[in-house]
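Colleague: need coordinates for the below:
(one chain, ligands or ions: 1)
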Amino acid sequence: MQKPASRLWRFLRLSCRVFALLLVVGVLAGVVAYWRSSNDCPEVGKAEPADAINTWIYCEYGSPDVLRLARLPRPALKDSQVLVRLRATSINAGDWHMLRGEPIIARFAMGLRKPSSTRLGSDFSGVVEAVGSAVTRFSPGDSVWGATSAAFADRVVLRESRVLPKPANITFEQAAAVPVAALTALQGLRNEGLVHAGHHVLVNGASGGVGTFTVQIAKELGATVTGVCSTRNVDLVRSLGADRVIDYTRDDFASDSQRYDVVIDNVGNRSLSDLRRVLKPGGRVVLIGAGSGRWFSSIPRLLTVMARQKLGDQGTRFFIAEVNEPDLAQLNSWMAAGKVTPAIDRTFPFSELPQAIRYVEEGARAKVVVTLEETSPPPAP
Ligand SMILES: NC(=O)c1ccc[n+]([C@@H]2O[C@H](COP(=O)([O-])OP(=O)(O)OC[C@H]3O[C@@H](n4cnc5c(N)ncnc54)[C@H](OP(=O)(O)O)[C@@H]3O)[C@@H](O)[C@H]2O)c1
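Modeller: Sure, this is the predicted structure:
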């Protein structure tokens, strides 16, 4: 009869072999997936249709220098779609993360060796050029804004439900600043923070693209708002309606005696315990910013928070903003009523879109917008 110790030894040996086998298979699968990962760049320039779209593409991960203008065939217009000629688009932090392929762990989703999608940009405003046969809300010539993918181009084709009529009191530049940043702010405050009138909200990173909308929307929801930003942006954050502004170069909100119902973190530079320390009992922390870090950024922290959310911990929330029609309509009506006004730091012409991305990466304030001429899109080189 075998001794229990020798049975344990055999079990451990077998487990090690299975683990080693899985490791080898995993590494081999990773190497194959790495070398097979590709994109449509080899096709670029082969087709030169008269009706091509001028678009910025990137074939490799890297700095804004890897971006180049290309002409791609325009997708056929489906019944429920509209074709919009852009007047403006805006840069989001996600654009330069995708351009650089960082955090690197995210390349499992974005393309291991090369970006699987070569197009960037989400936000746009412009003029409807053509509509599909089932489109009822728009006609050629309408001024619109909305959210799509591949918006760093002179034209986009997208579903009617992702397009809004541009309010007359809002410029094309302002409208293009809205989609991703304002949707994130709205969903973070309302869906995750459950912010309502009378709440006291702290916004860490109040002067950025998301932060400038967070301050305004929190005020619109009836909250008292404290914004955190650097010295140069204190006046901006106050002008957006913040009741109190903390200059993080001088004061630390985490050692302050003030307590909040909701903390919105657009930066990701503070520990969860720092963020939770300033909560009132039953308060919520909403994580929006991913933080810095080339390989992993805050992803392990965000996955932990998501797992805890699933297990019933409602005190710390993380979410990915989604584009949906009711929220776009809500933002449109706030803009039309003058209750939310996009704040713009700087505009760049379409030909300088890589410089605009670099400018955001280096630390812009509010939104950075890229504009296109009304009638003459820049030719591809
Ligand atoms: N979860 C989602 O669905 C989602 C959606 C959109 C964006 N995001 C993420 O949200 C984050 C913010 O996006 P964004 O577009 O607002 O970026 P952004 O425009 O670059 O703004 C970042 C802001 O962080 C502020 N900041 C930097 N260091 C700070 C510090 N120590 N304390 C307080 N504030 C500090 C900066 O303000 P100062 O210049 O005043 O220092 C800047 O205004 C990014 O990480 C982005 O990836 C997440």
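
Colleague: grab the nearest non-local neighbour of whichever residue of the stretch 201-350 of the chain sits closest to the ligand.
Modeller: In the stretch 201-350 of the chain, the residue that lies nearest the ligand is G208 (2.0 Å; CB to the nearest ligand atom). Just so you know, the C-beta spots here come from the backbone N, C-alpha and C atoms, and that holds for glycine as well. Excluding the flanking residues, the one nearest G208 by CB to CB, 6 or more residues apart in numbering is N266, at 5.9 Å.

Colleague: which ones are touching the spatially closest residue to C59 that is not a sequence neighbour?
Modeller: In space, and not counting its chain neighbours, C59 is closest to C41: 3.8 Å by CB to CB, 6+ apart. Listed by CB atoms under 8 Å, 6 or more residues apart in numbering, the contact set of C41 reads I57, C59, K114, T118.

Colleague: could you do G283 as well?
Modeller: R259, Y260, D261, V262, V263, G315.

Colleague: helix, strand, or coil at the fourth one?
Modeller: Secondary structure state of V262, per DSSP: H, G, I helix; E, B strand; the rest coil, is strand.

Colleague: how close does it get to G198?
Modeller: Noted for V262: a distance of 12 Å to G198, by CB to CB, to the nearest Å.

Colleague: okay, now the closest residue to G268 other than its chain neighbours: neighbour count?
Modeller: Spatial nearest neighbour of G268, chain neighbours left out: G291 (2.9 Å); criterion: CB to CB, 6+ apart. For G291, the count of nearby residues is 17 (other CB atoms under 10 Å).

Colleague: host element of G291?
Modeller: Using DSSP states H and E, G291 sits within no helix or strand.

Colleague: and what of the one 10 residues further on?
Modeller: With the criterion set as DSSP H and E, the secondary-structure element containing R301 is helix 299-310.

Colleague: report the secondary structure state of the spatially most central residue of the chain.
Modeller: Nearest to the geometric centre of the chain sits G94, at 4.5 Å (CA atoms, centre = their mean). Using three-state DSSP, the three-state assignment for G94 comes out as helix.

Colleague: neighbour count winner among V262 and G198?
Modeller: A side-by-side neighbour count of V262 and G198, using other CB under 10 Å, places V262 first with 25 against 10.

Colleague: my read is that R162 contacts S149, right?
Modeller: No: using CB atoms under 8 Å, R162 is not in contact with S149; the gap is 10.0 Å.

Colleague: who in the chain is up against the ligand?
Modeller: Proximity of the chain to the ligand (CB under 6 Å from any ligand atom) is limited to residues 92-94, 180-181, 184, 204-205, 207-211, 228-230, 233, 248, 266-269, 288-290, 320-321, 363, 365.

Colleague: now those residues: which count as buried?
Modeller: The neighbour-count test (16 or more other CB atoms under 10 Å) marks 92-94, 180-181, 184, 204-205, 207-211, 228-229, 233, 248, 266-268, 288-290, 321, 365 as buried among the residues of the chain next to the ligand.

Colleague: restricted to helices, list these.
Modeller: Among these, DSSP state H puts A93, G94, V180, A181, T184, G209, V210, G211 in helices.

Colleague: farthest-apart pair in the residues you listed, please.
Modeller: Spatially, the most separated pair among these is G94 and G211, at 15.0 Å (CB to CB).

Colleague: among the contacts of C41, name the ones in strands.
Modeller: Judged by DSSP state E, the contacts of C41 include I57 as members of strands.

Colleague: which of the contacts of C41 sits closest to the ligand?
Modeller: Closest to the ligand, out of all of the contacts of C41 and judged by CB to the nearest ligand atom, is T118, at 20.3 Å.

Colleague: for the closest one, give me its contacts.
Modeller: Per CB under 8 Å, 6+ apart, neighbours of T118: N39, D40, C41, V44, I57, Y58, C59.

Colleague: for the fourth one, what are its contacts?
Modeller: If you count contacts by CB under 8 Å, 6+ apart, V44 has them with I57, C59, A70, L72, T118.

Colleague: burial check on the first one, number of neighbours?
Modeller: Counted by other CB under 10 Å, the residues lying close to I57 total 22.

Colleague: touching, it and L99? I think so.
Modeller: No: using CB under 8 Å as the test, I57 is too far from L99 to be in contact (10.8 Å).
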